[in-house]
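# how would this look folded up:
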Amino acid sequence: MPQFEGMNVQVLGISVDHVPCLKAWSESLGGITYPLLSDFWPHGEVAMKYGVLRSEGYTERAIFIIDPEGVIRYIDIHDIDDQPSNEVLFEELAKISPQARKVLEERRAISGESQALPHGGVVMYCTSWCPDCRRARAWLKEHNIPFVEVDIERVPGAAAQVRKWTNGSQTTPTFDINGTVVVDFDVARLTELLLKR
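Prediction:
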């Protein structure tokens, strides 16, 4: 949430789950700092209006950016375990909000977008919330494989690098193993590259 400060935006989460379920999920993550809305009753009515309610009764994972006039300006529907980088969202926000554009430009000037990304050995590009990233971390530690972790939501240029390797998708984890790229938590490929030497 601090990354969205000053951009004149309101982040909301919405789910077809009941309020107690949302509360438990929020607590399991150590708390959520933005409002979580329940689309539980009538079940999925809002999701249906946005075209993301599946016939099974749950929703697609989706992000909508709605401008101050109520016009949907950006839609991203993606796999449940993947999430676009905040950088993608910042770029979209900058297209519709002068405040967001100014904040983004200031951050880039301060952070220096040309920061070099790590290379050599095992580098895992990930996010803090991704279930496959958690499994990959545990697997690497279990096999005593040293690795460098790069959070694509925090390190400038990391998300763009992942999109380049994955033909535009935001798949995590993505590994750079001495120049060989492995997309997603592919245990067979990681075993081949890291354990069968």
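
# and the helices in the protein, which stretches?
Ranges of helices within the chain are 19-28, 45-49, 86-96, 98-111, 131-142, 158-165, 187-194, based on DSSP state H.

# nearest to Val123, of those?
Val123 lies closest to helix 158-165 among the helices of the chain, at 9.8 Å (C-beta to C-beta). All C-beta atoms are positioned from the backbone trio N, CA, C, and that covers glycine.

# orientation of that closest one relative to helix 86-96 in degrees?
Counting by axes from the mean of the first three to the mean of the last three C-alpha atoms, to 10 degrees, helix 158-165 lies at 100 degrees to helix 86-96.

# can you start the count at 30 instead of 1 from here on
Sounds good: first residue 30 from here, last item helix 187-194.

# average pLDDT across helix 187-194?
For helix 187-194, mean pLDDT rounds to 87.

# report the buried residues of it.
Of all the residues in helix 187-194, those buried under the rule 16 or more other C-beta atoms under 10 Å are 187-188, 190-192, 194.

# and of those, the nearest to Ser114?
Nearest member of the buried residues of helix 187-194 to Ser114, counting by C-beta to C-beta, is Ala188, at 3.3 Å.

# ok, the closest one touching Glu116?
Yes: assessed by C-beta atoms under 8 Å, Ala188 is found in contact with Glu116 at 4.9 Å.

# need the overlap of contacts for the two.
Glu182 (C-beta atoms under 8 Å, 6 or more residues apart in numbering).

# please look at Ala187 and Glu178 and confirm they touch.
No: Ala187 is beyond contact range of Glu178, at 10.4 Å (criterion: C-beta under 8 Å).

# surely Ala129 touches Phe119?
Yes: the pair Ala129 / Phe119 is scored as a contact, 6.8 Å apart, by C-beta under 8 Å.

# hey, what's in contact with both of these two?
Counting by C-beta under 8 Å, 6+ apart, the common neighbours of Ala129 and Phe119 are Met36.

# for the least confident helix or strand in the chain by mean pLDDT, buried residues please.
Using mean pLDDT, DSSP states H and E, the weakest-scoring helix or strand in the chain turns out to be helix 127-140, at a mean of 76. Buried residues in helix 127-140, counting neighbours by 16+ other C-beta under 10 Å, are found at 129-130, 132-133.

# any chance of those in CSV, plus distance to Ile206?
Formatted as CSV, these follow (distance: C-beta to C-beta, whole Å):
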residue, distance to Ile206
Ala129, 36
Arg130, 37
Val132, 36
Leu133, 32
